[in-house]
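1. Sharing a sequence plus its predicted fold:
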Amino acid sequence: MPRKIVVGFDGSDASMRALDLAIANARGQGDHLLIAHVLEWSPYSFLTPSEVEERHRRRTEELQRAEAAILTPVVARVEKAGIAVSTTLRYGHIAETLCRIARDEKAEMIFIGRMGDSGFASRIFGSVAATLAQVAPVPVTIVP
């Protein structure tokens, strides 16, 4: 039975490397890839009605832009490799949202690319990859 594998994808070189490794693994195992793109979105509780309307309009535009610029091209690439693929586009904290997607979709694994080096900021605040390695409900492959 094919496994479902979540690939955290943001269009960066690191996420492309994670996708390439996920494709190679999926090809050998007959897995299904779920390409997940998460847009960071922090809720603001003190907005006027006009600000809420403007924020909603911007959010809709961002979703459409991400679908066209990031997800559509990568789906074509995965399909060309002969791999079953689907996508999800969500707002939220990236690591938390990827964990939620993995649980909701009953995925068996998460692939993610590691961005940059482990600099001072990531040691203080943490990184998506480090957070996933600690809290994910399934095994995580972090691709350098």
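-> That came through fine.
2. rest of the way, CA atoms for contacts and neighbours
-> Noted.
3. What strand or helix carries the residue nearest to D10 when sequence neighbours are not counted?
-> Excluding the flanking residues, the one nearest D10 by CA to CA, 6 or more residues apart in numbering is H37, at 5.8 Å. Secondary structure from DSSP states H and E places H37 in strand 32-39.
4. Which SSE is immediately downstream of that strand?
-> Following strand 32-39 in sequence, per DSSP H and E, is helix 49-66.
5. in the protein, what secondary structure element scores lowest on mean pLDDT?
-> helix 120-125 (a mean of 46; mean pLDDT, DSSP states H and E).
6. in the helix or strand that comes right after that helix, what counts as buried?
-> Next helix or strand after helix 120-125 toward the C-terminus (DSSP H and E): helix 128-135. For helix 128-135, the buried set under the neighbour-count rule, 16 or more other CA atoms under 10 Å, comprises 128-129, 132-133.
7. again with stretch 68-77
-> Across stretch 68-77, burial judged by 16+ other CA under 10 Å covers 70-71, 74-75.
8. Tabulate those in TSV, adding columns for pLDDT, secondary structure and distance to A81.
-> TSV is the format used below for the buried residues of stretch 68-77 (pLDDT from 0 to 100; DSSP: H, G, I helix; E, B strand; the rest coil; distance: CA to CA, whole Å):
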residue	pLDDT	secondary structure	distance to A81
I70	90	helix	17
L71	92	helix	16
V74	94	helix	11
V75	95	helix	10
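9. which residues are contacting the helix or strand hosting I23?
-> Assigned by DSSP H and E, I23 belongs to helix 13-29. For helix 13-29, the external contacting residues (CA atoms under 8 Å, 6 or more residues apart in numbering) are 2, 5, 7-9, 31-33, 78, 81-83, 111-115, 142-144.
10. at 6 Å what do you get?
-> With CA atoms under 6 Å, 6 or more residues apart in numbering as the test, helix 13-29 has contacts from 9, 111-114, 143.
11. One more: stretch 101-118?
-> In contact with stretch 101-118 (CA under 6 Å, 6+ apart) are residues 4-8, 14-15, 18, 138-144.
12. Run the chain-centre distance for that stretch.
-> Here stretch 101-118 is found 7 Å from its chain centre; the criterion is CA atoms, centre = their mean, to the nearest Å.
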